[in-house]
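Q: got a predicted structure here, sequence first:
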Amino acid sequence: MTRIVIIGGGPAGYEAALVAAQLGAEVTVIERDGIGGASVLTDCVPSKTFIAAAGAMTSVRDSAVLGLQGAGLTTVDLDLPSVNQRVKGLAVAQSDDIHARLAAEGVRILAGQGRLSDDVRGLAAHTVEVVDADGRVSEELESDVVLIATGADPRVLPGAEPDGERIIDWRDVYDLQEMPEHLVVVGSGVTGAEFASGYLEAGVPVTLVSSRDQVLPGEDSDAAAVVEEVFRSRGGKIAEKGRAAAVRRTGGGVLVELTDGRTVEGSHALMTVGTVPNTSGLNLESCGVEVTESGHVVVDRVSRTSVPGIYAAGDVTGVFQLASVAAMQGRIAMWHALGEAVAPIRLKTVAANVFTHPEIATVGVQQKSLPDYPDVEVVLLPLATNARAKMSDLHDGFVKMFARRSTGVIVGGVVVAPGASELILPIALAVTQRLTVADLAQTFAIYPSLSGSITEAGRRLMGADHLA
Ligand SMILES: Cc1cc2nc3c(=O)[nH]c(=O)nc-3n(C[C@H](O)[C@H](O)[C@H](O)COP(=O)(O)OP(=O)(O)OC[C@H]3O[C@@H](n4cnc5c(N)ncnc54)[C@H](O)[C@@H]3O)c2cc1C
Ligand SMILES: NC(=O)c1ccc[n+]([C@@H]2O[C@H](COP(=O)([O-])OP(=O)(O)OC[C@H]3O[C@@H](n4cnc5c(N)ncnc54)[C@H](O)[C@@H]3O)[C@@H](O)[C@H]2O)c1
């Protein structure tokens, strides 16, 4: 029986464990904090739960335009202790569910810190030590295959170290006893943009310190512009091209000092300046596992590292920091290690979503890479022209689609809308299965529906048939 040791129990680790167990391997998962990993316990699941509450509050506040009335509509508020309790309860419940599933599949789960301890390079098997909370080696495991799935932690900006009270990172927010009076969010990547949008929806004044030309520098710039416009229209402020040099505590709050001399005051500063991979202490270098300058483990498209028998998956590889990608990399590693037919990961087919208001969902080829694809044409349909959007008073957003002129094959898309995370699926399916604009155009969408804009985008991209 193949012995598999997985270090880290997040989506990369637990999904890999399920595949390996299904294929009859002897599987051990070592996890230092809790099964589900940061994804379930502190990052993805908690932030989306908080955003759901904040979004519901804004929906109620905005509903007067639909004809709703009542004294409470504009004063509806969030009860922070209840929200925090719900967030934490949901995270723990999901972690418990995954723990139970792994146990039921026969996976052995060990609490502690895992580290490689091969003393000779190039061996067919590997040794992994389990270190307990007191720093003692509690167990030594021999394994045929090791998967490193240790994730990433928040990056700390020197001079702006979180104190858990006023200077916080995204893992501290659910311990706040009261809503910030004025939140300064430092960093406008996906994490910063989501929290800035979420807190604003929850009624908190927010200033977003954005070091780049636009918020969400990695996203479609038309989409980022919509999110920025909505954010400003709701009273959010943006310190443009502002790079934080330090954050200091003041009498009643915080002072964020920018590198150009400007300052931003607030009651709390939320640091969202990226992540660092959890590779220190794993003994990777002495085992010969190649890491990049940033500390990420180098992997190929089937999750192999530079050492035979050692695989890596998820945020620790820095490939695409998404739970869905982490899980797929983990599964692929196990299929490969256990001799199953496996397709290498295809990153252009990954659908991603930014949970701002409105949401931004993307898949495939994007506008910024169009110079590399001269054969690709694009259509943009504003949401404001969609009948269903009008009924719900949705103005901000659009559907954008990219397709090859010569073949009509759909190669990418962007949806900016409330619920874009649900609407992107037909485009993701089209990109993955190489469907054409005609395939989409001839598909019945519900009338009226937001997804009607997606089939309409297909129709707009249907050119003349040059062979007719
Ligand atoms: C605020 C926020 C929101 C996000 N929202 C989304 C989202 O909506 N959708 C999405 O797809 N992605 C989201 N992400 C990204 C997603 O959370 C990550 O891509 C995902 O967690 C990666 O999974 P992983 O298994 O690689 O690592 P993790 O989930 O970080 O799990 C790794 C685990 O390994 C453990 N560990 C580390 N070192 C050791 C060791 N030596 N021994 C034992 N255990 C160890 C850690 O404690 C951790 O539990 C979000 C990220 C952030 C920061
Ligand atoms: N919905 C989702 O799927 C989701 C949500 C959150 C995070 N994530 C993923 O997690 C990963 C980490 O995201 P992130 O947003 O935490 O990190 P990031 O690295 O993507 O963004 C950090 C931002 O902070 C800025 N920054 C760095 N130093 C700064 C400073 N001193 N002052 C001001 N700005 C500064 C950077 O320029 C960058 O834009 C990403 O890969 C992201 O895609 C995904």
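A: On my side now, so go ahead. Numbering: from 1, shown residues only. Ligands and ions are numbered 1, 2, ... in the order given.

Q: got a pLDDT number for Leu110?
A: pLDDT, Leu110: 98.

Q: surely it meets Val27?
A: No - Leu110 lies out of contact with Val27 (CB atoms under 8 Å); the separation is 11.2 Å. Every C-beta, even on glycine, is put in place using the N, C-alpha and C of the backbone.

Q: looking at these two, which is more packed in?
A: Neighbour totals were compared for Leu110 and Val27, and Val27 leads with 29 against 18 (other CB atoms under 10 Å).

Q: contacting residues around the helix or strand where the more buried one lies?
A: Val27 belongs to strand 26-31 when assigned by DSSP states H and E. With contact meaning CB atoms under 8 Å, 6 or more residues apart in numbering, strand 26-31 is reached by 1-9, 13-14, 17, 20-21, 35, 37, 102, 106-114, 128, 130, 141, 143.

Q: and stretch 100-119, how far apart are its ends?
A: 35 Å (CA to CA, to the nearest Å).

Q: which residues does that stretch contact?
A: Residues from elsewhere that reach stretch 100-119 (CB under 8 Å, 6+ apart): 5, 7-9, 14, 17-18, 21-22, 27-32, 35, 99, 126-133, 138-140, 146, 150, 281-284, 286-287, 289, 310.

Q: touching ligand 1 at all, stretch 409-419?
A: No - against ligand 1, stretch 409-419 shows no contacts by CB under 6 Å from any ligand atom, the least distance being 13.9 Å.

Q: avg pLDDT for that stretch?
A: On average, stretch 409-419 scores 97.

Q: hmm, that stretch in reach of ligand 2?
A: No - contact of stretch 409-419 with ligand 2 is not found when judged by CB under 6 Å from any ligand atom; the minimum separation is 13.9 Å.

Q: mind listing the helices for this structure?
A: Listed in chain order, the helices of the chain (DSSP state H) span 11-22, 37-41, 44-62, 80-104, 190-201, 221-233, 284-287, 323-337, 387-391, 420-423, 425-433, 437-441, 452-460.

Q: of the contacts of strand 26-31, which belong to strands?
A: In strands, judged by DSSP state E, the following of these are found: 3-7, 108-111, 113-114, 128, 130, 141, 143.

Q: from the contacts of stretch 100-119, which are also near ligand 2?
A: Applying CB under 6 Å from any ligand atom to those, none is adjacent to ligand 2.

Q: before we move on, back to that, quick check: mean pLDDT of the strand holding Val27?
A: On average, strand 26-31 scores 98.

Q: re earlier: give me the buried entries from the contacts of strand 26-31.
A: 2-9, 13-14, 17, 20-21, 35, 37, 102, 107, 109-110, 112-114, 128, 130, 141, 143 (16 or more other CB atoms under 10 Å).

Q: picking up where we left off before, so which of the helices of the chain gets nearest Val276?
A: Closest approach to Val276 among the helices of the chain (CB to CB): helix 37-41, 12.3 Å.

Q: tell me which strands and helices that closest one is in contact with?
A: Applying 3 or more CB pairs under 8 Å, 6 or more residues apart in numbering; DSSP states H and E, one finds that helix 37-41 contacts helix 11-22, helix 80-104.

Q: does ligand 1 sit close to that helix?
A: Yes - for helix 37-41 and ligand 1, the contact criterion (CB under 6 Å from any ligand atom) is met by 37-39.

Q: partners of the strand holding Val27 in the sheet?
A: Here strand 26-31 has these sheet partners by DSSP bridges: strand 3-7 (parallel), strand 108-111 (parallel).

Q: lowest confidence element among the helices and strands of this protein?
A: Comparing helices and strands within the chain by mean pLDDT, DSSP states H and E singles out helix 284-287 as the least confident, with a mean of 93.

Q: for ligand 2, see how far away Ile446 is.
A: Separation of Ile446 from ligand 2 (CB to the nearest ligand atom, to the nearest Å) stands at 27 Å.

Q: near that residue, how many other residues are there?
A: 10.

Q: same question for Met271.
A: Using other CB under 10 Å, Met271 has 27 neighbouring residues.

Q: pLDDT wise, what is it at?
A: pLDDT at Met271 comes out at 98.

Q: OK, contacts around the residue of the stretch 101-250 of the chain found nearest ligand 2?
A: In the stretch 101-250 of the chain, the residue that lies nearest ligand 2 is Gly189 (2.1 Å; CB to the nearest ligand atom). Gly189 sits next to 216-218, 272, 274 when contact means CB under 8 Å, 6+ apart.

Q: the residue of the stretch 301-450 of the chain found nearest ligand 1: neighbouring residues, count only.
A: Per CB to the nearest ligand atom, Gly314 is where the stretch 301-450 of the chain lies closest to ligand 1, at 2.1 Å. Neighbourhood size, Gly314 [other CB under 10 Å]: 39.

Q: what of Ala428?
A: 20.

Q: now swap in Asp372 and tell me
A: By other CB under 10 Å, 8 other residues sit near Asp372.

Q: ok, Ala64 next?
A: Using other CB under 10 Å: Ala64 sits among 12 other residues.

Q: what's the answer for Gln433, then?
A: As a burial measure, Gln433 scores 11 neighbours (other CB under 10 Å).

Q: how close does it get to ligand 2?
A: 23 Å.

Q: residue contacts, the closest residue in space to Pro205 that isn't next to it in sequence?
A: Spatially, and ignoring its direct neighbours in sequence, Pro205 is nearest to His182 (4.7 Å; CB to CB, 6 or more residues apart in numbering). His182 makes contact with 204-207, 253, 265-268, according to CB under 8 Å, 6+ apart.

Q: what distance do you get for His182 to Ser267?
A: His182 sits at a distance of 5 Å from Ser267 (criterion: CB to CB, to the nearest Å).

Q: tell me, what's touching those two both at once?
A: Gly253.

Q: among the strands paired with strand 26-31, which is nearest Lys348?
A: Nearest of the strands paired with strand 26-31 (CB to CB): strand 3-7, 27.5 Å.

Q: and the closest one, does that touch ligand 1?
A: Yes - Strand 3-7 is in contact with ligand 1 by CB under 6 Å from any ligand atom, via Ile7.

Q: what average pLDDT does stretch 162-175 get?
A: In this model, stretch 162-175 has a mean pLDDT of 98.

Q: residues contacting it, please?
A: With contacts defined as CB under 8 Å, 6+ apart, stretch 162-175 is touched by 38, 42-43, 46-47, 50, 84, 87-88, 154, 156, 160-161, 176, 191, 195, 247, 249, 253-254, 267-272.

Q: mind listing what's buried in it?
A: By neighbour count with 16+ other CB under 10 Å, stretch 162-175 contains the buried residues 162, 166-174.

Q: and the residue lying closest to Ala417 once chain neighbours are set aside, how many residues sit next to it?
A: What sits nearest to Ala417 in space, not counting adjacent residues and going by CB to CB, 6+ apart, is Gly397, at 4.1 Å. The number of residues packed near Gly397 is 28, by other CB under 10 Å.

Q: distance of Gly397 relative to ligand 2?
A: Shown here: Gly397 relative to ligand 2, a distance of 17 Å by CB to the nearest ligand atom.

Q: is that residue in contact with Leu383, as I believe?
A: Yes - assessed by CB under 8 Å, Gly397 is found in contact with Leu383 at 3.9 Å.
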